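> compute the structure for the input listed below.
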Amino acid sequence: MQDTPNPQSHSHDFSGGASRKDNGDFTTDKRVLLLMAMALVVGTGGAFAAWVLINLIALVSNAIWLFKISTEPLSFAVVARSPWMVAAPILGGLVIGFMARYGSEKIRGHGIPEAIEAILIGGSRMSPKVAVLKPLSSAISIGSGGPFGAEGPIIMTGGAIGSLFAQLFHMSAAERKTLLVAGAAAGMTAVFGTPIAAVMLAVELLLFEWKPRSFIPVAVAACVSVVWRPLLIGSGALFPVHFESTLSWWGILLAVGLGIISGLQSGLLTTLLYRIEDAFEKLPIHWMWWPALGGLVVGLGGLIEPRALGVGYDIIADLLHSRVAFGAVLAILLVKAGIWLVALSSGTSGGVLAPLLILGGALGWLVGLVLPGDPGFWALLGMAAMMGGTMRAPLTGTFFAVELTGDMGAIVPLLAATVAAYAVTVLLLRRSILTEKIARRGQHITREYGIDPFELTRAADIMIAKVDTLPGDMRLSEALALMTERMDAHRFYPVVEGNGRLVGMISRADALRWQSNSDLMDQTLYDVISDTAIPVAHPEDTVGRVADIMIQGDTGRVPVVEVQSGRLVGLIARKDLLRLRSAINRSELERGAYLRTKG
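Numbers count the residues shown, from 1 in each chain. Model prediction:
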């Protein structure tokens with residue numbers, strides 16, 4: 001027989017033993033302190049991984065093109081046109097193809113989609129192979145002339161470091177994800193010196209949530225990385241520049257117009273990228289040979305415009321300071337776009353961020369020739385808009401451009417241009433350059449954050465208040481007759497005492513099972529079920545809590561009782577949860593005017 005609850009006790013739990021949480025603004029607990037401590041280690045690892053990758057790219061570049069051992073950054077402006085300019089990218093593509101086939105296929109691509117897949121599908125577990133082979137393959141790809149940046153590979157490498165470190169401990173998939181993304185943000189921060197943009201990239205692209213549990217450790221890792229950066233790579237903005245960017249209202253409209261142009265450019269490049277990738281899929285050769293074919297196109301493009309090869313940070317600086325000529329910018333724009341699309345579609349290894357900056361900046365600079373002010377300013381807006389629109393990360397694009405140059409005065413036109421490009425790409429394309437590849441592998445991703453309606457709604461709002469019950473003193477034989485003979489009988493009935501206090505639940509299946517035991521027929525329902533634990537909810541519980549109770553109790557119906565007395569006040573079934581989801585959908589789709597003017 002169940003003990004009678006103490007009406008004065010606020011701690012008594014009628015949920016069958018399941019703990020009941022007091023709801024707060026956040027679900028984060030003290031375990032975030034452990035994640036913050038671990039983020040210190042991951043942030044350091046990400047910073048050093050970035051240093052290794054940058055120096056490895058420079059080492060390979062100098063060895064291939066200048067035939068010397070040096071870690072000084074190489075500008076392809078000093079590389080002479082020759083047959084070697086065609087041969088080197090082909091050989092680099094062959095090496096990467098072999099590494100991908102016999103090492104790890106996960107090194108193919110630019111890194112961010114692979115990191116997203118590890119988070120969503122792989123339980124945030126990445127292998128040691130990826131941590132070693134990704135930076136090595138990227139260094140070979142970029143060093144041999146590949147038109148890529150280091151940010152995608154370092155995001156994946158830093159993520160692998162965070163994931164591997166987390167796998168040394170007993171951690172949940174959500175906690176591993178936090179450290180994976182912390183490593184990725186640390187790597188990006190070290191390369192570009194953009195901690196805020198790195199954290200925003202984590203929020204907009206990788207975390208798929210905005211919770212203190214994940215946000216705080218990622219920010220810690222980015223801050224640790226930016227502290228290490230002056231010792232490893234250098235201090236200050238990567239491309240310091242300042243523009244007199246005080247624009248009137250029509251100047252902001254011009255920024256929006258440039259954003260729209262950049263959005264169209266982004267949509268065109270994304271569409272072309274996947275059409276070329278489809279063309280590679282139709283080739284009658286193994287994919288390991290595709291990077292070599294991409295290398296052939298890269299080399300031929302290099303003969304036309306050598307500066308289109310490699311990372312191209314020197315081009316970004318020249319665009320921002322307007323140290324380029326019209327013909328050179330046009331050639332870089334066309335050649336860089338062509339070889340980047342083909343090389344990336346071939347499945348080689350390299351990042352997309354630096355190419356996007358160059359392509360967006362080149363177009364912005366060209367448009368800026370007919371707009372007021374310095375063309376370099378419009379190049380900056382084009383870079384941010386291209387990044388924000390293509391990656392569907394407008395805040396990342398805005399803060400990235402500000403931190404990259406140190407020019408806080410440009411933040412408003414940057415935001416206008418980036419959001420305009422973002423709006424264009426969202427309306428034109430179902431998926432981004434980052435998610436299309438994942439979707440083609442059968443994994444749909446939604447990147448819209450919102451309040452969970454199950455956490456916003458209370459049990460009292462959806463429960464059925466008028467519930468048919470059975471008295472606890474009813475004999476089992478009477479209950480069996482009611483449930484099997486009456487046409488309007490329910491499948492489940494709550495059993496209550498005279499004061500309305502819940503005793504338990506009885507189902508038709510229970511009654512039929514007890515029917516074979518004649519000794520039970522004369523017993524009351526209270527005698528039969530009062531010792532049975534039953535999961536219950538309370539009126540102020542969230543619907544999310546009710547759903548958890550249903551899962552834990554493996555039941556489709558949950559009675560709702562008063563906290564202190566245990567008196568039954570309602571019942572929630574699975575269909576009530578579905579009705580709530582239907583109501584949310586209606587709130588999105590149904591439109592109506594409530595304030596009307598008199599005719």
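
> show me where pLDDT drops low in the protein?
1-24, 111, 120, 245-246, 442, 487, 531-532, 588, 590-599 (pLDDT under 70).

> okay, which residue is most central for it?
residue 206 (2.9 Å; C-alpha atoms, centre = their mean).

> show me what contacts residue 152?
109-112, 138, 350-353 (C-beta atoms under 8 Å, 6 or more residues apart in numbering). Yep, even glycine has a C-beta here, placed from its N, CA and C like the rest.

> OK, contacts around the nearest residue to it once chain neighbours are set aside?
Counting by C-beta to C-beta, 6 or more residues apart in numbering, residue 152 lies nearest to residue 351, which is 2.9 Å off, once chain neighbours are set aside. For residue 351, the contacting residues are 110-111, 138, 148-155, by C-beta under 8 Å, 6+ apart.

> of all these, which comes closest to residue 418?
In terms of C-beta to C-beta, no member of the contacts of residue 351 lies closer to residue 418 than residue 151, at 17.4 Å.

> name the residues of the helix or strand encompassing residue 32 that are buried.
For residue 32, the host element (DSSP states H and E) is helix 31-65. Across helix 31-65, burial judged by 16 or more other C-beta atoms under 10 Å covers 32, 35-36, 38-39, 41-62, 64-65.

> next one: stretch 314-322
Quick answer for stretch 314-322 (16+ other C-beta under 10 Å): 314-320, 322.

> cool, and stretch 472-492?
Applying 16+ other C-beta under 10 Å to stretch 472-492 flags 472, 474-477, 479-480, 483, 490, 492 as buried.

> give me the distance from it to the chain's centre.
52 Å (C-alpha atoms, centre = their mean, to the nearest Å).

> which residues are contacting that stretch?
Contacts of stretch 472-492 (C-beta under 8 Å, 6+ apart): 468, 470, 493, 495-498, 503, 505-508, 511-512, 514-515, 520-526, 528, 530, 557.

> quick one: end-to-end distance for that stretch.
14 Å (C-alpha to C-alpha, to the nearest Å).

> hmm, back to that, closest to residue 282 among the contacts of residue 152?
Looking across the contacts of residue 152 and measuring by C-beta to C-beta, the closest to residue 282 is residue 109, at 18.8 Å.

> ramachandran coordinates for that closest one?
Main-chain torsions, residue 109, degrees, to the nearest 10: phi 90, psi -170.

> next one: it from residue 495, what distance?
60 Å (C-beta to C-beta, to the nearest Å).

> quick one, which of these two is more surrounded?
residue 495 (26 against 23; other C-beta atoms under 10 Å).

> in contact with that one, which residues?
469-472, 474, 502-506, 525-526, 529.

> now secondary structure too, for the residues you listed, in CSV please.
As requested, the contacts of residue 495 are exported to CSV (DSSP: H, G, I helix; E, B strand; the rest coil):
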residue, secondary structure
469, coil
470, strand
471, strand
472, coil
474, coil
502, strand
503, strand
504, strand
505, strand
506, strand
525, helix
526, helix
529, helix
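
> so can I have CSV of those residues showing distance to residue 215?
Shown next, in CSV, are these (distance: C-beta to C-beta, whole Å):
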residue, distance to residue 215
469, 47
470, 50
471, 53
472, 50
474, 55
502, 41
503, 46
504, 44
505, 42
506, 47
525, 51
526, 51
529, 47
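
> which residues in the stretch 451-599 of the chain form strands?
470-471, 492-496, 502-507, 557-561, 568-573 (DSSP state E, counting those that start in this stretch).

> pick the most buried one from those strands.
strand 557-561 (a mean of 25; mean count of other C-beta atoms under 10 Å).

> same for it, what does it pack against?
Contacts defined by 3 or more C-beta pairs under 8 Å, 6 or more residues apart in numbering; DSSP states H and E place strand 557-561 against strand 502-507, helix 543-553, strand 568-573.

> wait, which of these is closest to residue 264?
Of the helices and strands packed on strand 557-561, nearest to residue 264 by C-beta to C-beta is helix 543-553, at 41.6 Å.

> leaving out the residues flanking it, which one is nearest to residue 297?
Closest to residue 297 by C-beta to C-beta, 6+ apart is residue 342, at 4.3 Å.

> could you export the helix or strand harbouring the one you found as PDB, CA atoms only?
Counting by DSSP H and E, the element that carries residue 342 is helix 326-345. Output of helix 326-345 as PDB, limited to C-alpha atoms (Å, rounded to 0.1, in the frame of the first residue of the first chain):
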ATOM      1  CA  PHE A 326      41.600  47.300 -63.200                       C
ATOM      2  CA  GLY A 327      43.000  44.600 -65.600                       C
ATOM      3  CA  ALA A 328      44.700  42.700 -62.800                       C
ATOM      4  CA  VAL A 329      41.600  42.700 -60.600                       C
ATOM      5  CA  LEU A 330      39.400  41.500 -63.400                       C
ATOM      6  CA  ALA A 331      41.900  38.700 -64.300                       C
ATOM      7  CA  ILE A 332      42.200  37.600 -60.700                       C
ATOM      8  CA  LEU A 333      38.400  37.600 -60.300                       C
ATOM      9  CA  LEU A 334      37.800  35.400 -63.400                       C
ATOM     10  CA  VAL A 335      40.800  33.100 -63.100                       C
ATOM     11  CA  LYS A 336      40.500  32.600 -59.300                       C
ATOM     12  CA  ALA A 337      36.800  31.800 -59.600                       C
ATOM     13  CA  GLY A 338      37.300  29.300 -62.400                       C
ATOM     14  CA  ILE A 339      40.200  27.400 -60.900                       C
ATOM     15  CA  TRP A 340      38.700  27.500 -57.400                       C
ATOM     16  CA  LEU A 341      35.400  26.000 -58.500                       C
ATOM     17  CA  VAL A 342      37.100  23.200 -60.400                       C
ATOM     18  CA  ALA A 343      39.700  22.400 -57.800                       C
ATOM     19  CA  LEU A 344      37.200  22.400 -54.900                       C
ATOM     20  CA  SER A 345      34.700  20.200 -56.900                       C
END
